[in-house]
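Enquirer: fold the following, please.
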Amino acid sequence: MNIVVCVKYVPDSTADRHFEEDLTVDRVGVDGLLSELDEYAVEQALQLKEKVGDDSADHMVTVLSVGPERASDAVRKSLQMGCDAGVHVVDAAIAGSDAVGTSLVLAKAVAKIGAESGWDVVMCGMASTDGSMGVVPAMLAERLDVPAVTLGSEVELSADSGGNTTLRIRRDGDTATETIEATLPVVCSVTDQSGEARYPSFKGIMAAKKKPVATWSLSDLGVDAELVGLAAAYTVVEDSQARPPRTAGQVVADDDGAGAHALVEFLASKKFI
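Expert: Residues are numbered from 1 along each chain as shown. Reported below is the predicted structural model:
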C-alpha cells in the first residue's frame, strides 16, 4: 500500500496576512505552517497504513507539497507525524497558480512518484485554509484518470467480491449521510470530522531528520512554465481593501436604572432585534 498525501504550506491565520503588489498572497514575508485541514489528511493516510500493516518496506506514506522554499516546513511537520518520505515541488514559475495550475503540478508529481514506487491512494484535505476552494482533489482525480471520493468523515479499506481493494468513505451532509466507495487507485479527501490529527512525538521529530525528501522543479516534472503561475491562472484577485481598524464600542450606562431600555434601543437601531 503506497499512499501520497498532498499538503499545503499556508500563512498563519493569526499572523498579519496581506497581498503582494500583484495581489497574490504573501507566502514569504509572513509566518506559515502546515494547513490545519491537511493535518487530517496526514492522519487518515497514516491510519490506513497502520491498518494494512506498518512494514515500511511494503507500505509507504509519501507527503507531497507544492510551494515556496519555506513549504519544506509543511513537509517536515508531516514527516514528524509519521510519513515515510517527502517530495517538495518548488519553482519560481509556480507562484500565483490557481487550482487548475496547482492540480497540474500535483498530478505530474504523483505520476512521477508512481513511476518510482507506485501509488494506491492520494489523500487530500477538504480545502486549504487560505484559498478555501476545495476543488483540487476532484481536479487531481480527473488529471490522473481515477475515481474521486471526497469530503469523507470516515475512511476504511475493504475488499469487494472480485478481490479488489476498495476505499469506502462516509460523507455527512446537512440532510443525509452517504456511503461512497471506489476501487483503488483513488483520490480521497477528508473533512475535519474524520478524527483528530496526532501530535509529533519526540521520537517522530528525531526520526524525521533521517527521512528522505526529494526537491523537484517544473523541469523535473516535464511541466511547461507557461501552463502555471499567475499569467496562466483562470481565477485572479482584481482588487483588495485592507480591513478597517476596529472602532471603540458604545458603552450603555445604567446609572438611573434605564440601562435595559437603552440597550434594547441600541440593538434595535442596529437591526439586531
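Enquirer: residue ranges for the helices of the stretch 1-150 of the chain, please.
Expert: 36-52, 72-81, 99-117, 136-144 (DSSP state H, counting those that start in this stretch).
Enquirer: all the strands of this protein, residue numbers only.
Expert: According to DSSP state E, the chain carries its strands in the segments 2-7, 9-11, 32-34, 60-66, 85-89, 121-125, 148-152, 154-159, 165-172, 177-183, 186-190, 213-216.
Enquirer: which one of the ones you listed is the most hemmed in?
Expert: Comparing the strands of the chain by mean neighbour count (mean count of other C-beta atoms under 10 Å), strand 121-125 comes out on top with a mean of 29. In short, each C-beta sits where N, CA and C put it, glycine included.
Enquirer: how far does that strand sit from the chain's center?
Expert: 9 Å (C-alpha atoms, centre = their mean, to the nearest Å).
Enquirer: picking that back up, quick one: closest of the helices of the stretch 1-150 of the chain to Val30.
Expert: Nearest to Val30 among those is helix 72-81 (12.7 Å), distances taken as C-beta to C-beta.
Enquirer: what is that closest one packed up against?
Expert: Helix 72-81 sits against strand 2-7, strand 32-34, helix 36-52, strand 60-66, strand 85-89, helix 202-208, strand 213-216, with contacts defined as 3 or more C-beta pairs under 8 Å, 6 or more residues apart in numbering; DSSP states H and E.
Enquirer: how close does Arg243 sit to Asp220?
Expert: For Arg243, the distance to Asp220 (C-beta to C-beta, to the nearest Å) stands at 40 Å.
Enquirer: neighbour count: these two, which is higher?
Expert: Asp220 (14 against 6; other C-beta atoms under 10 Å).
Enquirer: so what's the nearest residue to the more buried one once chain neighbours are set aside up against?
Expert: Leaving out its chain neighbours, the residue that sits closest to Asp220 by C-beta to C-beta, 6 or more residues apart in numbering is Lys112, at 7.5 Å. Going by C-beta atoms under 8 Å, 6 or more residues apart in numbering, Lys112 touches Trp216, Asp220, Leu221.
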